[in-house]
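In: give me a 3D structure for the following:
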Amino acid sequence: MPDPAGSGAFLASAVDVGSNTVLLLTVGVRPDGHATARDAALATTRLGAGLRDGAPLDGAARARTRDAVVAMTRRARALGARRVWAFATGAARRASDGRIFATELERDAGCSVELLSGEKEAALAYAAVRHAFDGAAALLAVDVGGATTELTLGRGDAIEGMVSLPVGALVLTERGGDTAALVDAALAGTELPARARARGAAVIASGGTATALAALDLGLPAYDSARVHGHVLAVERLAALAAAAHDAADGVLDPGRARVLPAGACVLERVARAVGVATVRVSDHGVRHAFLRQRLAAEGVDADMRALWD
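Out: Numbering: from 1, shown residues only. Okay, the predicted model is just below:
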């Protein structure tokens with residue numbers, strides 16, 4: 001519902017136009033900087049369906065995604081959001097018409113749409129978990145998306161390395177074959193897991209794959225951000241949790257997420273094993289949270305999102 005009169009909260013929204021889903025986050029920021037989640041939404045539009053590098057986006061996928069983004073921006077403004085910003089990631093990045101599509105979204109939704117580079121997406125994923133789990137220890141942020149997976153190694157505010165890998169839950173599901181071998185081949189091209197292992201880095205995972213696995217592991221009847229955030233997953237349980245995803249498709253999981261979860265779980269499991277960790281901590285805070293914080297900061301609004309569900 002709209003912000004109560006006189007509370008002084010600044011409402012703003014971010015729309016994440018991903019390769020498998022479109023996500024909305026609306027927060028209210030009080031004058032003291034404390035931010036509270038006011039609304040969140042998800043639509044599985046599969047923007048990256050059938051996409052090959054350098055090819056155009058599928059027409060039906062474009063239409064589904066366009067409709068979802070327009071609906072979410074309207075929803076945010078109806079709630080009272082004073083600013084609405086959007087960004088697009090892997091599928092739009094890979095497509096020959098991705099930038100054109102972003103421009104069309106700007107026109108139809110009436111908000112800016114930034115096409116994130118893989119490096120910026122990785123940096124935002126790190127910023128999100130760094131802000132959510134303040135600490136000085138080394139960490140590897142893993143964001144498993146629909147088209148790509150971003151890995152970012154850092155300690156505190158200092159980023160030591162980042163990479164965007166061309167393996168994501170939707171892409172791998174559509175490709176079929178030996179998913180683990182495909183992921184391992186992608187990992188062979190980066191030193192980050194080995195560097196993370198040498199530093200004894202913790203692995204913190206964000207994105208739909210990680211949060212869905214946490215919800216399943218917790219046995220939640222409906223998704224609960226506050227309970228998912230910070231949950232620790234045993235790496236040895238990831239495959240079994242993903243295998244049970246279809247049974248939960250009408251409950252805690254969106255059916256579109258259930259379909260691609262086994263491939264996403266495989267990505268997370270192979271990364272964790274490459275780093276040599278037995279557990280992965282889950283962050284409900286992802287790229288959209290850090291993106292929104294950055295945009296708010298540019299408006300002179302310093303948002304503290306660490307207690308987002310208070």
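In: could you use CA atoms for every contact and neighbour count after this?
Out: Fine.
In: put the alpha carbons of stretch 46-65 into CSV.
Out: In CSV, the C-alpha atoms belonging to stretch 46-65 read as follows (Å, rounded to 0.1, in the frame of the first residue of the first chain):
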residue,chain,number,x,y,z
ARG,A,46,12.3,-16.4,-20.6
LEU,A,47,13.7,-13.5,-22.6
GLY,A,48,16.7,-15.7,-23.4
ALA,A,49,14.7,-18.6,-24.8
GLY,A,50,16.4,-20.2,-27.8
LEU,A,51,19.0,-17.4,-28.0
ARG,A,52,22.4,-17.9,-29.6
ASP,A,53,25.2,-15.4,-29.2
GLY,A,54,24.8,-12.6,-31.8
ALA,A,55,21.3,-13.7,-32.8
PRO,A,56,18.1,-11.6,-32.2
LEU,A,57,15.8,-12.2,-29.3
ASP,A,58,12.8,-14.4,-29.9
GLY,A,59,9.7,-12.2,-30.8
ALA,A,60,7.4,-13.9,-28.3
ALA,A,61,9.9,-13.7,-25.5
ARG,A,62,10.4,-10.0,-26.3
ALA,A,63,6.6,-9.4,-26.0
ARG,A,64,6.3,-11.4,-22.8
THR,A,65,9.1,-9.4,-21.2
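In: could you give the average pLDDT over that stretch?
Out: Averaged across stretch 46-65, pLDDT comes to 92.
In: got the contact list for it?
Out: 17-22, 45, 90-92, 94-98, 101, 146-147, 170-171, 174 (CA atoms under 8 Å, 6 or more residues apart in numbering).
In: make it 6 Å
Out: Contacts of stretch 46-65 with the rest of the structure, by CA atoms under 6 Å, 6 or more residues apart in numbering, involve 19-20, 45, 91, 94-97.
In: let me know the closest of the residues you listed to residue 114.
Out: Distance to residue 114, by CA to CA, is smallest for residue 91 among the contacts of stretch 46-65, at 13.2 Å.
In: export the helix or strand hosting that closest one to CSV, keeping only CA atoms.
Out: For residue 91, the element it lies in under DSSP states H and E is helix 90-94. Extracted C-alpha coordinates of helix 90-94, given in CSV (Å, rounded to 0.1, in the frame of the first residue of the first chain):
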residue,chain,number,x,y,z
GLY,A,90,22.7,-11.6,-20.0
ALA,A,91,20.1,-12.2,-22.7
ALA,A,92,19.9,-8.6,-23.8
ARG,A,93,23.7,-8.5,-23.6
ARG,A,94,24.1,-11.5,-25.9
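In: cheers, nothing more for now.
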